[in-house]
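# Sequence and predicted structure are below.
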Amino acid sequence: KQITTDIKTLTRDVERFAQDKKLEIETLKIRENYRKEFIGNVSHELKTPLFTVQGYILTLLDGALKDKKVRKKYLKRANKGVERLIYIVKDLDMITQLEVGGLQLYQEDFNIVKLVQNVFDLLEMKAARKNITLTFDTDYKESIFVNADRERIQQVLTNLVVNSIKYGKPDGTTEISIEHLIKNKVIVRVTDNGEGIEKKNIQRIFERFYRVDKSGSRKEGGSGLGLAIVKHIVEGHNEKIYVESEIGVGSEFSFTLEKSK
Ligand code: ADP
């Protein structure tokens, strides 16, 4: 009888072990697919600017070097391509940090009104090129102190405003507003009157490398990682991000932050 009990226990242990191993293998397989997909996406993103730069270099080598004017034009374009590559690599670096290493936050009290003004100053030229007006609307013009990682929140605001310019229509507006919410929170909204996003795509835009209009978005530059980075940062703060959008009317991205005590 004892032997039967022992065999039963042993069989159960072996079954459990096999089940655990199976789960482990499944997880590894998922991870492996994820890795492969990531690498595939990365090389795809890098290909276009790399070929562009190579194109200009080859044209220069082919004779364009001799013409001073053409030479400068092509070198400038090649440099633009390199800038694009640097931009993509920086975003990749950031998403890897966020996904692999977890998010290290350096939280401090800072004035979000000032941060919005900084971001607007940095992006003014970019907006001006499309004649887009940047406006700021808040009941508390001078200061609203929040507790968060200042640099990361600057990144969030920058990515959202850059998108509002990229997908905004010429002569349009981007508005940032900040409102107080209950429970010691504020909500920051970035609103544009641009092309908007179809309902079926709204859920997917926060996925890395997801783009609604592949060719259109690529023409506008970017890495397809901007919103994935934004979501990671906001959720890393245990806060929420929302999006509302209507085709032809515009989009509003908003996120919450904790007020300083
Ligand atoms: P990228 O802009 O580099 O393509 P993002 O992750 O920042 O990548 O955005 C993902 C996609 O979401 C964009 O390609 C675009 O299709 C859509 N999108 C983001 N912001 C807006 C916006 N303000 N208006 C319309 N579409 C947007």
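Ah, there it is.

# And the residue of the stretch 1-150 of the chain closest to the ligand?
For the stretch 1-150 of the chain and the ligand, the shortest gap (C-beta to the nearest ligand atom) falls at D91, measuring 8.0 Å. In this view, the C-beta of every residue, glycine as well, is placed from N, C-alpha and C.

# That residue touches G221, doesn't it?
No: judged on C-beta atoms under 8 Å, D91 makes no contact with G221 at a distance of 11.1 Å.

# near the ligand at all, the strand or helix carrying L257?
Secondary structure from DSSP states H and E places L257 in strand 250-258. Yes: remark: strand 250-258 sits within contact range of the ligand at S251, by C-beta under 6 Å from any ligand atom.

# So which elements touch that strand?
strand 145-149, helix 150-166, strand 185-192, helix 226-236, strand 241-246 (3 or more C-beta pairs under 8 Å, 6 or more residues apart in numbering; DSSP states H and E).

# Quick check: can you name the pairing partners of the last one and their directions?
So the one you mean is strand 241-246. strand 250-258 (antiparallel) (DSSP bridges).

# Please state the mean pLDDT value computed over the strand it pairs with.
Computed over strand 250-258, the mean pLDDT rounds to 97.

# buried sites along the helix or strand containing D91?
Per DSSP H and E, D91 falls inside helix 68-100. Buried residues in helix 68-100, counted by 16 or more other C-beta atoms under 10 Å: Y74, A78, G81, R84, L85, I88, D91, L92, M94, I95, L98.

# Between helix 150-166 and that helix, find me the angle.
130 degrees (axes from the mean of the first three to the mean of the last three C-alpha atoms, to 10 degrees).
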